[in-house]
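**Q** below: sequence and its predicted model.
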Amino acid sequence: MVTIILHCPYCGSERLVKYGITPNGKQPYRCRACGRQHRAHPGSNAYSETARETILRAYQERSSLRGLTRTFGVSRNTVSAWLKKKALS
Ligand SMILES: [Zn+2]
């Protein structure tokens, strides 16, 4: 059996509690340290934080969405959404 220690993606705390279940069968967690909710296992179509950073960095270097989609197989819509999010934050 494999024990996965989950960390809160926002504050890094391990004090996560299961928090109901989403309509699509995912198990959300709530962090007891900062009170934010997140899903422990994002869908297979979601990119990890690391992958996203890598792709966004590549975008800043080459400034070509089309090249990115070819290199990483990521959809242009996804990258656009990340860029919009990044611009807001
Ligand atoms: Zn937290």
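**A** On my side now, so go ahead.
**Q** which parts of this structure are helices?
**A** 49-62, 65-72, 76-88 (DSSP state H).
**Q** now render those helices as JSON lines, adding mean pLDDT and distance to the ion.
**A** Where C-beta positions appear, they are placed from N, C-alpha and C, glycine not excepted. Output for the helices of the chain, formatted as JSON lines (pLDDT from 0 to 100; distance: least, Cβ to the ion, whole Å):
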{"stretch": "helix 49-62", "mean pLDDT": "83", "distance to the ion": "15"}
{"stretch": "helix 65-72", "mean pLDDT": "81", "distance to the ion": "29"}
{"stretch": "helix 76-88", "mean pLDDT": "84", "distance to the ion": "19"}
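**Q** just put those in TSV and tack on distance to Cys34 and mean neighbour count.
**A** Listed next are these as TSV, based on distance: least, Cβ to Cβ, whole Å; neighbours: other Cβ atoms under 10 Å:
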stretch	distance to Cys34	mean neighbour count
helix 49-62	17	13
helix 65-72	31	14
helix 76-88	20	12
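**Q** dump those to TSV, plus distance to Tyr19.
**A** Output for the helices of the chain, formatted as TSV (distance: least, Cβ to Cβ, whole Å):
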stretch	distance to Tyr19
helix 49-62	21
helix 65-72	32
helix 76-88	23
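**Q** out of these, which gets nearest to Ala33?
**A** Of all those, it is helix 49-62 that lies closest to Ala33, at 18.6 Å by Cβ to Cβ.
**Q** mind saving the C-alpha coords of the closest one as PDB?
**A** Extracted in PDB, the C-alpha atoms of helix 49-62 (Å, rounded to 0.1, in the frame of the first residue of the first chain):
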ATOM      1  CA  GLU A  49       2.300  23.400 -11.700                       C
ATOM      2  CA  THR A  50       5.800  22.500 -12.900                       C
ATOM      3  CA  ALA A  51       4.600  21.700 -16.400                       C
ATOM      4  CA  ARG A  52       2.700  25.000 -16.600                       C
ATOM      5  CA  GLU A  53       5.700  27.000 -15.500                       C
ATOM      6  CA  THR A  54       7.900  25.200 -18.000                       C
ATOM      7  CA  ILE A  55       5.500  25.900 -20.800                       C
ATOM      8  CA  LEU A  56       4.900  29.600 -19.800                       C
ATOM      9  CA  ARG A  57       8.600  30.100 -19.700                       C
ATOM     10  CA  ALA A  58       9.100  28.700 -23.100                       C
ATOM     11  CA  TYR A  59       6.300  31.000 -24.300                       C
ATOM     12  CA  GLN A  60       8.100  34.000 -22.900                       C
ATOM     13  CA  GLU A  61      11.300  33.000 -24.700                       C
ATOM     14  CA  ARG A  62       9.800  32.200 -28.000                       C
END
